[in-house]
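Visitor: Need the 3D shape of this:
(chains A and B)
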Amino acid sequence: MKKTKISICILLFIVVALLLMSASNKFGYKQPDPIKLIVPKGWPVPKIDIFAKNKLTEQGFQLGKKLFYDGRLSKDGEISCASCHQNFASFSTFDHDLSHGVENSFTKRNAPALINLAWMKEFHWDGAINHIEVQPLAPITAANEMGETIPNVLHKLRKDSVYLSMFKAAFGDTMINSQRMLKALAQFTGSLVSYNSKYDKVMRGESSYTDYEKRGYQVYKQHCSSCHQEPLFTDNSFRNNGLSLNRFHDIGRQGITNVSSDSLKFKVPTLRNTQRSFPYMHDGRLYSLYDVVEFYRTGIDTSQPTLDKKLKNRISITIKEKNELVHFLYTLTDSSFLNNTRFLPTISAVKRN
Amino acid sequence: MINQQSKLLGILKQQKIIYSLLFLMSPLLSYSQAPTGQLKITFTNSVNNVPIILKDKVYQNPFGEDYTVNKLKYYVGNYSLSESIIKKSKHHYFLVDASAQNNCLTIEVPVGEYNNLGFTLGVDSIDNCSGAQTGALDPINDMFWTWNSGYVFFKLEGFSPSSSADLQRIQYHIGGYKGDNNAATAIQLFPTDQSMIAIKKNTTTEIEVVLHLDDFWNNPHAIKINETPVCMLPGALAKKIASNFNGLFSIKHISYLEEDKN
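Guide: The predicted structure is shown next:
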């Protein structure tokens, strides 16, 4: 009896102490406001919590957004993350087969959409990047993307009083270092969750499909869903879908793993917002969804040794089914996400010289 | 205003109670700690037992190939004494850079006598995939592969007339943390005269560790410049080069510096 009393006392004491500690902190500076990653109903919980060591806050998100839209992250001040990851294209490169960088240079790939990254373990078409926080290092330093060095970027940011106050608001003081910059960027990109397409509304019982769309959904379920798995519409695996080797000799995953069985494997992209993320494939070689479905119907190079087993007979569907499928894919467009002003730059962040 | 003041006073009073409680508990907290001393490890880098001069000096490897050293950087961490890992050193890396004035680190270690010093050359796999880091692992140190995530554990760059690479450069960026390609190497060093490494209270034990670059080329695997001037990614070749890391180092000197009692 006595023992329980004592342990209750100790417990109470700890609770009071914790409360006081959090209260006294507030005298120093305003704590950033915590926000939560949206995990839509019915979706799996992300296997890895990308914010476990990067507390998601409104101030961190806002700072990340400002950095995302800031050309000063590049050598010539012209190319921001958003140059190749355009919000209206589901944060992919719109209408260009190859994303392009500083001084009119071309990259060898089409920048992928930046949505639902919190469910992704590896990044880039070839999975080169093992953590969302270190991803920006690649485009910032690549000569044909942003062509800049990290110390130079930090130097530019430190000269800007707006950044100084935003870093303070997000992290407690005005220190600007690579870790804070990268964590803030991850807070923005990791928060880009798209889950309000017609498909989602149908699944939630808020809308219904036309017969045409319904048939398209059946075609999808039968022929596409094993790799483009619901609800993310990707299983985030690396597969060879039978595209021919391109003029850059881009071998995909093999370039990262050095394993020949990974030759020509690329990440299965999400089909969400696919209507808006054209052109398609890692090098943007296909311009319309009709072209894409036709490729799976008749264009797959079945002689490739690393071709995915599921595609060895191509996808046999009729022209009618092809049209139905494309119309189903249109229902994956989430216009409330694509038009969400929360993900757009605040006016002052658009251009600063 | 008065209300706020009294609130503040209240908090302060309660904080006093917390501090005094913590103070009372402190003997309990420190009870379990064994006495400790300071261990200072200094890294020097040499060719033929002479400190390396960057850029200008032309060296010759055991195969008679001339080369210069423009850059030599490597990560060390996970220090241990007689195989017991110094807990505090876990995930604390030090980047040795031949262009730095000196390369030394000091850690607090338990008092005792030890027959060897150990450390890892490289970065643990978990620290290769934990996102953005600061300190030695900050990507601004130019030891992170931005296009294929992971740290370069050991970087040696220079030029050699025997190199067939662009500009006759030699460029060895050795790293890799995945499975068979893990290039992190455990190093264990025994004092040459079989003496013990003593860690004493109020004393700094300084160990001078020397890297002998001569062993990079042939101990035990032959790395000839005319065959392998460049290694820039994880894999079998990096692993082979890393297997020479074990023989790169030795303890040159141990000294003891007693703390000034004043």
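
Visitor: Does the one residue in the stretch 1-150 of chain A that gets nearest to chain B belong to a helix, a strand or coil?
Guide: Nearest residue of the stretch 1-150 of chain A to chain B (CB to the nearest CB) works out as residue A:133 at 3.5 Å. The way it works is simple: take the backbone N, C-alpha and C, and place the C-beta from them, glycine included. Recorded secondary structure, residue A:133: helix (DSSP: H, G, I helix; E, B strand; the rest coil).

Visitor: And the residue nearest to residue B:57 when sequence neighbours are not counted, how far from chain A?
Guide: Distances taken as CB to CB, 6 or more residues apart in numbering or on different chains put residue B:68 closest to residue B:57, at 6.8 Å, once the chain neighbours are dropped. Separation of residue B:68 from chain A (CB to the nearest CB, to the nearest Å) stands at 24 Å.

Visitor: My guess is residue B:68 contacts residue B:55. True?
Guide: Yes: counting by CB atoms under 8 Å, residue B:68 touches residue B:55, with 6.2 Å between them.

Visitor: The two: who's more crowded?
Guide: A count of neighbours by other CB atoms under 10 Å in any protein chain shown puts residue B:68 above the other of residue B:68 and residue B:55, at 18 against 11.

Visitor: For residue 150, give me its contacts.
Guide: Since you didn't name a chain, this refers to chain A. A:137, A:140-141, A:178, B:139-140 (CB atoms under 8 Å, 6 or more residues apart in numbering or on different chains).

Visitor: switch to chain B, that's the one I care about
Guide: Per CB under 8 Å, 6+ apart, neighbours of residue B:150: A:130, B:128-129, B:144, B:175-178, B:234.

Visitor: Grab the two from these that are most spread out in space.
Guide: Greatest spacing in the contacts of residue B:150, by CB to CB: B:144 and B:178 (15.4 Å).

Visitor: Between those two, tell me which one has more neighbours.
Guide: Between residue B:144 and residue B:178, residue B:144 has the larger neighbour count (other CB under 10 Å), namely 24 against 16.

Visitor: what sits against that one?
Guide: Counted by CB under 8 Å, 6+ apart, residue B:144 has contacts A:134, A:137, B:137, B:150-152.

Visitor: ok so residue B:215 is a strand residue?
Guide: No: in this structure, residue B:215 is helix, not part of a strand, as judged by three-state DSSP.

Visitor: Apart from its neighbours in sequence, what residue is nearest it?
Guide: residue B:247 (4.7 Å).

Visitor: do residue A:293 as well
Guide: Counting by CB to CB, 6+ apart, the residue nearest residue A:293 is residue A:322, at 4.9 Å.

Visitor: how about the residues of chain A near chain B?
Guide: A:13, A:16-17, A:20, A:23-24, A:53-54, A:128-134, A:137-138, A:140-142, A:150-151, A:154, A:177-179, A:182-183, A:186, A:256, A:258 (CB under 8 Å from any CB of the partner chain).

Visitor: mind checking pLDDT for residue A:64?
Guide: Among the per-residue scores, residue A:64 holds a pLDDT of 98.

Visitor: pretty sure the residue nearest to residue A:293 contacts residue A:290?
Guide: Yes: counting by CB under 8 Å, residue A:322 touches residue A:290, with 7.1 Å between them.

Visitor: The two: who's more crowded?
Guide: Per other CB under 10 Å, whichever of residue A:322 and residue A:290 has more neighbours is residue A:322, with 20 against 13.

Visitor: Quick check, the residue in the stretch 201-350 of chain A closest to chain B?
Guide: Per CB to the nearest CB, residue A:258 is where the stretch 201-350 of chain A lies closest to chain B, at 4.7 Å.

Visitor: burial measure for that residue, as a count.
Guide: Using other CB under 10 Å, residue A:258 has 17 neighbouring residues.

Visitor: Touching, it and residue B:238? I think so.
Guide: No: using CB under 8 Å, residue A:258 is not in contact with residue B:238; the gap is 10.0 Å.

Visitor: quick one, helices of the stretch 151-262 of chain B?
Guide: Using DSSP state H, counting those that start in this stretch, the helices of the stretch 151-262 of chain B run over residues B:214-218, B:236-242.

Visitor: now, which of the contacts of residue A:150 lie within helices?
Guide: Using DSSP state H, A:137, A:140-141, A:178 are the members of the contacts of residue A:150 that sit in helices.

Visitor: can you list residues touching both of residue A:258 and residue B:238?
Guide: Contact criterion CB under 8 Å, 6+ apart; residues bridging residue A:258 and residue B:238 by contacting each: residue B:181.

Visitor: measure residue B:44 to residue A:221 for me?
Guide: 66 Å (CB to CB, to the nearest Å).

Visitor: which one of those two has more residues nearby?
Guide: When residue B:44 and residue A:221 are compared for neighbours, residue B:44 comes out ahead with 17 against 12, by other CB under 10 Å.

Visitor: strand partners of the helix or strand hosting the more buried one, parallel vs antiparallel please.
Guide: Using DSSP states H and E, residue B:44 sits within strand B:36-47. Strand B:36-47 has the following strand partners under DSSP bridges: strand B:50-51 (antiparallel), strand B:103-110 (antiparallel), strand B:203-212 (parallel).

Visitor: tally of neighbours for the residue nearest to residue A:183 when sequence neighbours are not counted?
Guide: Excluding the flanking residues, the one nearest residue A:183 by CB to CB, 6+ apart is residue A:54, at 4.5 Å. Using other CB under 10 Å, residue A:54 is surrounded by 21 other residues.

Visitor: Hmm, residue A:133 and residue A:54 touching each other?
Guide: Yes: Residue A:54 is in contact with residue A:133 according to CB under 8 Å; the separation is 6.8 Å.

Visitor: Next, show the common contact partners of the two.
Guide: By CB under 8 Å, 6+ apart, the residues touching both residue A:54 and residue A:133 are A:183, A:186, B:131.

Visitor: is it possible to export the helices of the stretch 151-262 of chain B to CSV including mean neighbour count?
Guide: Output for these, formatted as CSV (neighbours: other CB atoms under 10 Å in any protein chain shown):
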stretch, mean neighbour count
helix B:214-218, 18
helix B:236-242, 19
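
Visitor: sorry, back to before: show me what counts as buried in the strand holding residue B:44.
Guide: B:36-39, B:41-45, B:47 (16 or more other CB atoms under 10 Å in any protein chain shown).

Visitor: And the contacts of residue B:150, which is closest to residue B:92?
Guide: Distances from residue B:92 to these, taken as CB to CB, are shortest for residue B:128 (15.3 Å).

Visitor: Report the contact partners of the closest one.
Guide: So residue B:128 contacts A:130, B:149-151, B:177 (CB under 8 Å, 6+ apart).

Visitor: need those in TSV with pLDDT and distance to residue B:120, can you?
Guide: Putting the contacts of residue B:128 into TSV (pLDDT from 0 to 100; distance: CB to CB, whole Å) gives the following:
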residue	pLDDT	distance to residue B:120
A:130	96	20
B:149	96	19
B:150	97	15
B:151	98	12
B:177	96	12
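
Visitor: what would those look like in CSV with distance to residue A:216?
Guide: Formatted as CSV, the contacts of residue B:128 follow (distance: CB to CB, whole Å):
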residue, distance to residue A:216
A:130, 36
B:149, 38
B:150, 42
B:151, 47
B:177, 44
